[in-house]
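A.B. asks: Predicted coordinates and the sequence they were generated for:
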Amino acid sequence: MHKLMLLFRRPDDVDGFEQRWSHEFVPRAEKMPGIRRVTVSRIHGGPSGAADLHLVHELFFDDADSLQRALTSPEGTEAGRALMDVAANFVSLCFAEHLEEDRAPADRAG
């Protein structure tokens, strides 16, 4: 799978961002063709305390071509405009190949 990762740094107005992100961007982004899975992670800190990230929003696609088709679709173009209106100054976008496997819990006997 391939994914589009949207990494949002902590905005000055968290509540305002959350409202605009959920009402202006998310409905448009989730209409893009070919989305197979969506994840949202709200960041609560890191090993050394506070982190400057606020939210990670990931949109998963079957392959890189599907991701590119989604971004260049009318829905993708509309979502991109909404994203820039909502968070142009504090979002980073990247593409990633995503590999995932389930693991059994480690045996703690002994």
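C.D. replies: Arrived safely.
A.B. asks: pLDDT wise, what is the residue lying closest to Asp85 once chain neighbours are set aside at?
C.D. replies: The shortest distance from Asp85 to any non-neighbouring residue, by C-beta to C-beta, 6 or more residues apart in numbering, is to Glu24 (6.8 Å). From N, CA and C alone the C-beta is placed, and that goes for glycine too. Reported pLDDT at Glu24 in the predicted model: 97.
A.B. asks: now Pro105
C.D. replies: Pro105 carries a pLDDT value of 88.
A.B. asks: outside of the longest helix along the chain, which residues touch it?
C.D. replies: Ranked by number of residues, the top helix in the chain under DSSP state H is helix 74-87. If you take C-beta atoms under 8 Å, 6 or more residues apart in numbering as the criterion, helix 74-87 is touched by 6, 8, 11, 17, 20-21, 24-25, 28-29, 31-33, 70-71, 91.
A.B. asks: just how off-centre is it within its chain?
C.D. replies: With C-alpha atoms, centre = their mean, to the nearest Å as the basis, helix 74-87 stands 13 Å off its chain's centre.
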